[in-house]
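Visitor: Predicted model and sequence follow; I will ask about them next.
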Amino acid sequence: MTVLVTGGGGFLGQAMVRLLLARGEAVRSFSRHAYPELAALGVAQFQGDLDDAAAVAAAVAGCDVVYHVAAKAGVWGPYADFYRANVVGTRNVISACRRHGVRRLVYTSSPSVVFDGHDMAGVDESVPYPRHFHAPYPQTKAAAEQLILAANDTTLATVALRPHLIWGPGDNHLVPRILERGRKGQLRRIGSRPCLIDSTYIDNAALAHLQAADALDIGSVVAGKAYFIANGEPLPLWEVVNAILAAGNLPPVTRSVPLPVAMAAGWTLEQLYRLLRIKDEPRLTRFVVRELATSHWFDLSAARRDFGYAPQVSLAEGMARLRLWLREKKGR
């Protein structure tokens with residue numbers, strides 16, 4: 001088959017590309033930039049912005065399956081930027097699939113689309129979208145997810161996956177941020193509650209997408225549904241953070257700040273950055289504080305039942321692989 005991975009040059013996208021190539025698929029990537037790593041693998045690269053309907057349609061033409069992974073992520077920035085990439089971009093992907101007769105569309109969503117600022121402890125996919133969002137990213141991802149699920153019909157089968165906190169070797173977002181702030185001594189525990197979180201090792205997240213696509217077809221059990229994806233190993237948040245720090249040979253986080261103090265600091269930084277029109281992300285926002293002060297772990301029963309999802313790499317094995325990768329990267 002010919003498959004397209006939007007965001008094929010990203011962390012998750014590249015992991016999926018490698019799995020697809022190993023299965024013998026003809027793989028395309030759609031990204032804003034060209035990636036030498038993809039060129040070396042023989043991947044056909046299409047370049048453009050997600051809000052460019054013509055560019056998206058050109059990449060989709062002739063494909064059998066589309067994995068829509070690309071998105072604008074982050075906890076800070078103008079709403080319009082997130083809307084163009086995440087909502088308009090997703091609308092363009094759906095339109096291109098219909099135009100070119102693609103039957104299967106797999107969308108990478110996020111558990112943040114249902115986060116209302118409170119604990120998410122063992123919740124399943126029945127939890128509703130919140131009435132209020134705390135940042136443009138979850139708001140626009142929720143809107144995009146709803147477009148994807150509503151698009152499921154008798155000509156196009158769609159499914160949305162919600163992997164939580166993807167990490168592992170090759171990570172260019174979560175792990176580097178934790179290590180950088182750990183080196184600078186900028187990490188603090190927030191509050192005193194032992195909040196549990198689940199995360200997703202990169203190989204498990206990539207495999208879940210392929211498994212969902214294999215089970216997806218018009219009228220299939222997975223069509224038109226959203227699924228939580230994670231390792232299925234909830235642990236205290238700071239235990240996970242400290243494990244990542246240990247993989248980078250950095251000391252654990254021991255100091256803490258009260259939740260009200262952290263919220264006040266986030267609010268102050270947000271106002272300051274808006275007032276001074278600073279484009280960089282603040283060190284702390286209220287959305288991040290809420291994420292760090294609440295539990296996030298999920299019932300994975302639906303994914304296990306409907307498309308056989310089973311994490312292949314445990315947290316312990318993943319941390320060992322991460323440590324080795326960081327060591328090799330440092331030695332280069």
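Guide: Here it is on my side, so go on. Predicted, not measured: the structure shown is a model, and the values here were computed from it. Numbering: from 1, shown residues only.
Visitor: Any stretches of the chain with poor pLDDT?
Guide: Across the chain, the stretches falling below the confidence threshold (pLDDT under 70) are 331-332.
Visitor: and Gly182, that one's in a strand?
Guide: No: Gly182 sits outside any strand when classified using DSSP: H, G, I helix; E, B strand; the rest coil, being helix.
Visitor: Please name the residues that touch the closest residue to Gly266 other than its chain neighbours.
Guide: Here the nearest residue to Gly266 in space, its sequence neighbours aside, is Arg286; by Cβ to Cβ, 6 or more residues apart in numbering that works out to 4.1 Å. For glycine as for every other residue, the C-beta is placed from the backbone atoms N, C-alpha and C. By Cβ atoms under 8 Å, 6 or more residues apart in numbering, Arg286 lies in contact with His134, Met263, Gly266, Trp267, Glu270.
Visitor: Would you mark the buried spots in stretch 232-247?
Guide: Buried residues in stretch 232-247, counting neighbours by 16 or more other Cβ atoms under 10 Å, are found at 232-235, 237-238, 240-245, 247.
Visitor: His209 sits in which helix or strand?
Guide: His209 belongs to helix 202-215 when assigned by DSSP states H and E.
Visitor: How many residues are close by Gln45?
Guide: 17 (other Cβ atoms under 10 Å).
Visitor: Let me have the helix or strand harbouring it in CSV, keeping just the CA atoms, if that works.
Guide: According to DSSP H and E, Gln45 maps onto strand 44-47. As requested, the backbone C-alpha atoms of strand 44-47 are provided in CSV (Å, rounded to 0.1, in the frame of the first residue of the first chain):
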residue,chain,number,x,y,z
ALA,A,44,8.9,10.4,-0.7
GLN,A,45,8.7,13.9,1.0
PHE,A,46,6.0,16.4,0.3
GLN,A,47,6.5,19.9,1.8
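Visitor: Run through the neighbouring helices and strands of it.
Guide: Packed against strand 44-47 by the contact rule (3 or more Cβ pairs under 8 Å, 6 or more residues apart in numbering; DSSP states H and E) you find strand 26-31, helix 53-60.
Visitor: winner for burial among these?
Guide: Neighbour counts averaged per stretch over these are highest for strand 26-31, at a mean of 25; criterion: mean count of other Cβ atoms under 10 Å.
Visitor: where's that strand relative to the chain centroid, distance-wise?
Guide: 18 Å (Cα atoms, centre = their mean, to the nearest Å).
Visitor: next SSE after it?
Guide: For strand 26-31, the succeeding helix or strand toward the C-terminus, using DSSP H and E, is helix 36-41.
Visitor: any residues touching that next one, and which ones?
Guide: Among residues not part of helix 36-41, those counted as contacts by Cβ under 8 Å, 6+ apart are Gly8, Gly9, Gln14, Val17, Arg18, Leu21, Val27, Ser29, Gln45.
Visitor: try 7 Å
Guide: Where contact means Cβ atoms under 7 Å, 6 or more residues apart in numbering, the residues beyond helix 36-41 that reach it are Gly8, Gly9, Gln14, Val17, Leu21, Ser29, Gln45.
Visitor: In helices, which of the residues you listed appear?
Guide: Cross-referencing the contacts of helix 36-41 against helices under DSSP state H gives Gln14, Val17, Leu21.
Visitor: Including neighbour count and distance to Ala223, could those go into TSV?
Guide: Written out in TSV, the entries for these read as follows (neighbours: other Cβ atoms under 10 Å; distance: Cβ to Cβ, whole Å):
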residue	neighbour count	distance to Ala223
Gln14	24	27
Val17	28	24
Leu21	15	26
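Visitor: closest to Ala316 among those?
Guide: Distances from those to Ala316 were compared by Cβ to Cβ; the smallest belongs to Gln14, at 23.9 Å.
Visitor: Please report the distance of the closest one from Tyr67.
Guide: Gln14 sits at a distance of 12 Å from Tyr67 (criterion: Cβ to Cβ, to the nearest Å).
Visitor: for Arg305, same thing?
Guide: Distance, Arg305 to Tyr67, by Cβ to Cβ: 22 Å.
Visitor: the more surrounded of these two?
Guide: When Arg305 and Tyr67 are compared on other Cβ under 10 Å, the one with more neighbours turns out to be Tyr67, at 31 against 11.
Visitor: Contacts made by the host helix or strand of that one with the rest, please.
Guide: According to DSSP H and E, Tyr67 maps onto strand 65-68. For strand 65-68, contacts defined as Cβ under 7 Å, 6+ apart pick out 1, 3-6, 16, 60, 90, 93, 97, 102, 104-108, 209, 213.
Visitor: What's the PyMOL line that selects buried ones from these?
Guide: The PyMOL selection below is limited to those of the contacts of strand 65-68 classed as buried (16+ other Cβ under 10 Å):
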select buried, resi 3+4+5+6+16+60+90+93+97+102+104+105+106+107+108+209+213
